[in-house]
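Colleague: next one to model:
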Amino acid sequence: MFNLRRIPKPELDPIYEAAYPLLILPFWGNPVPVRVRELSAAQVYSVGDISLIETFADKVRAKKEPTMEDLNVYTERQHRLCEISLVKPTLQEIMVIAGTHINLEEIKAGLAEIKSRFNDAPEGLEKTQLKHQYDCMELQFKFLLPPDFMAAVVNYALKINATDIKAVTEETLLDSARMAVMGHDNPADHLTGNFTDFNREDINRRAWTEYHKWKEQNARGRR
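Modeller: Predicted coordinates:
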């Protein structure tokens, strides 16, 4: 059986360096060295239904008053993406350092208590207030990592700034889907640019959605 331990350490270093390059990313504005992996399409979709063509972050910014639930969903996804992409240090190791001034066990106990009271409370004002209190405390727990750091990690892991995915619009999605119908292939086959496998999956899914919306609108117009 092939055993990596038999390979001398110097021979492993170039492979490790190539796979997980050392990055200098902002952490509350201060530069810190970390190693991050680029994520595959399967890894990204394991976090949830994510699209870079119209990201959840864009929707949050577009809303004048995002709800606590919106913020929690967004932050949860960012944390999950950081968790599976951070190599050294890991997310858990960073959380320990970042949370030295916060009693994490106390927050977890508080969340459990509020959740128990929420489950037992009847529908009404008290239940609504408990949910708001829970969301606020949960958000405090999740925001141990600074936004600039999470954004930088996710940008690298998803290659957001290294691809042309942000140039894709609803119009180009619809056009590519129409051509895919005629060519009996995929919408991404009709878009040129620098795209990852995840980008192409994203394009295909969103393009077919736009195409079916367009067909439904045309069908209603003919009635």
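
Colleague: ok, the closest residue to Leu191 other than its chain neighbours to Ile97 distance?
Modeller: Sequence neighbours aside, Ser176 is the residue nearest to Leu191 in space, at 5.3 Å (criterion: CB to CB, 6 or more residues apart in numbering). The way it works is simple: take the backbone N, C-alpha and C, and place the C-beta from them, glycine included. Ser176 is 45 Å from Ile97, where distance means CB to CB, to the nearest Å.

Colleague: out of these two, which sits in the busier spot?
Modeller: Neighbour count, other CB atoms under 10 Å: between Ser176 and Ile97, Ser176 has more, with 24 against 10.

Colleague: for that one, give me its contacts.
Modeller: Neighbouring residues of Ser176 by CB atoms under 8 Å, 6 or more residues apart in numbering: 187-191, 203, 207.

Colleague: of those residues, which is the nearest to Gln92?
Modeller: Nearest to Gln92 among these: Ile203, at 33.8 Å, using CB to CB.

Colleague: now the contacts of Ser176: which count as buried?
Modeller: If you count burial by 16 or more other CB atoms under 10 Å, the buried members of these come out as 187-188, 190-191, 203, 207.

Colleague: helices - which of those residues land there?
Modeller: Taking DSSP state H as the definition of helices, the buried ones among the contacts of Ser176 contribute 203, 207.

Colleague: now render the buried ones among the contacts of Ser176 as a markdown table, adding pLDDT and distance to Leu158.
Modeller: Formatted as a markdown table, the buried ones among the contacts of Ser176 follow (pLDDT from 0 to 100; distance: CB to CB, whole Å):
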| residue | pLDDT | distance to Leu158 |
| --- | --- | --- |
| Pro187 | 96 | 20 |
| Ala188 | 96 | 16 |
| His190 | 95 | 23 |
| Leu191 | 94 | 18 |
| Ile203 | 95 | 14 |
| Ala207 | 93 | 19 |
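
Colleague: all good on my end, thank you.
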